[in-house]
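Task: produce atomic coordinates for the following.
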Amino acid sequence: MFITGAAAGIGRATALTFARKGFTVGGYDIDEVGLKTLADEIERLGAVAHTGYLDVTDADEMAQRVGDFAKAAGDRLDVMINNAGILRAGRFEELDIAGHHREIDINAKGVVNGLYAAFPYLRKTPNSIVVNLSSASAIYGQAELANYSATKFFVRGITEALDIEWNRYGIRVIAMWPLYVQTAMTDSIKTGTTDSLGIRLSAQDVADAIAAAVEPSVLRRALHQVHFPVGTQTKVLTTGSRFSPAWLTRLINKRLAHQ
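This next block holds a predicted model:
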C-alpha cells in the first residue's frame, strides 16, 4: 500500500495499521524526520517499509515515487491512499489568496496526481483499491471552512466518477468521511462547528475505518459502498442529509456553525 501524508496523524496511524496486517508499506511526505521514525516503527513490526520525500503537488515527483514503490513491491499496487491534505479555518475573505490556492493544490490537485500516477499499477493488480480522504465537510459547504470544504467536494466527485470508470479494470475507488480528528492539523482550529460538535475522532479511529473499508463486509461489497462515514456524528449527519430537504440541511449547518 502507498500512502501520502504518512509522517504524522491519520497517515502515520494508517501506515502502521497496514504494516500490522503484513502489507509492504510505502509512506511518503514532505516531513523526512517523521518518515524516518515511521520506517523504524514499521520495521519493528516486522513489515517492509519504503519511505521518501514527496510533494503531492508535483505530478512528476508523484509519478516517480509511485513507480519506484510499485516496482520495489513486485510491480503491484494493492492499495493507494490519497491522504495528504491541509486545513485552514477562518472567514474566506480574511484568509490570504495564496493560502487558498495552496489548499486547492494539495487537497485537490494532489489527489489527481496520485490517481493518475497510480492507475497503471492498480490496473495490473487484481482487486486493487483507491482510498481518498474526503470529509464530513463534503456533506454541505461549511462556513469558516469554505475553501477546504470545496476541495473535499472535489474529492467526493472524482471518487464517484472514477469508481464507475475504473470498475471495468476491477479497481474500487472509495472515500472516507471523517469529521474533525484530533491531530496536529486541528490543534489550532476553532470554528462554530468545532464548538458545536467537538473534536472526537482519533487518527487511529480513521485508520481502523480505512482498514475495514479496504476489506468490506459481504453486505457492503454487495451494495458497492463508495462513501464511508467515520464516527457516529458523521454517520448521523450523512444519513440525515439524504432525507432532509435542502433548506433544512442548510439551516442545520447554519446553526451548527453559529452563523
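
The spatially most central residue of the chain: what's its closest spatial neighbour, skipping adjacent residues?
The centroid of the chain falls nearest to residue 133 when counting by CA atoms, centre = their mean (1.7 Å). Nearest residue to residue 133, sequence neighbours excluded (CB to CB, 6 or more residues apart in numbering): residue 83, at 4.9 Å. (C-beta placed from N, C-alpha, C; glycine too.)

that older thread, report the contact partners of the residue nearest to the centre of the chain.
By CB atoms under 8 Å, 6 or more residues apart in numbering, the residues touching residue 133 are 10, 81, 82, 83, 85, 155, 175, 176, 178.

Give the rounded mean pLDDT of the helix or strand where residue 123 lies.
In this structure, residue 123 sits in helix 110-124 according to DSSP states H and E. The pLDDT scores in helix 110-124 average 98.

And residue 159, how far from residue 46?
Separation of residue 159 from residue 46 (CB to CB, to the nearest Å): 33 Å.

Now do residue 238 against residue 134, distance only.
11 Å.

Now do the contacts for the residue nearest to residue 147 when sequence neighbours are not counted.
Leaving aside its sequence neighbours, residue 147 sits nearest to residue 100 (CB to CB, 6+ apart; 4.8 Å). By CB under 8 Å, 6+ apart, the residues touching residue 100 are 88, 92, 147.

where do the strands sit along the stretch 51-200 of the chain?
Using DSSP state E, counting those that start in this stretch, the strands of the stretch 51-200 of the chain run over 79-82, 129-133, 172-178, 181-182.

Among the ones you listed, show me which one is buried the most.
Burial of the strands of the stretch 51-200 of the chain is given as mean neighbour count (mean count of other CB atoms under 10 Å); strand 79-82 ranks first at a mean of 26.

Got phi/psi on residue 2?
phi -120, psi 130 (degrees, to the nearest 10).

picking that back up, hmm, the residue nearest to residue 133 is touching residue 2, no?
No - contact between residue 83 and residue 2 fails when scored by CB atoms under 8 Å: they sit 10.1 Å apart.

Spit out the residues that contact the two alike.
In contact with both residue 83 and residue 2: no residue, using CB under 8 Å, 6+ apart.

And the closest residue to residue 53 other than its chain neighbours, how far from residue 84?
Of all residues not flanking residue 53 in the chain, residue 32 sits nearest, at 5.6 Å (CB to CB, 6+ apart). Per CB to CB, residue 32 is found 14 Å from residue 84.

Look at these two and report which has more neighbours.
residue 84 (26 against 11; other CB atoms under 10 Å).
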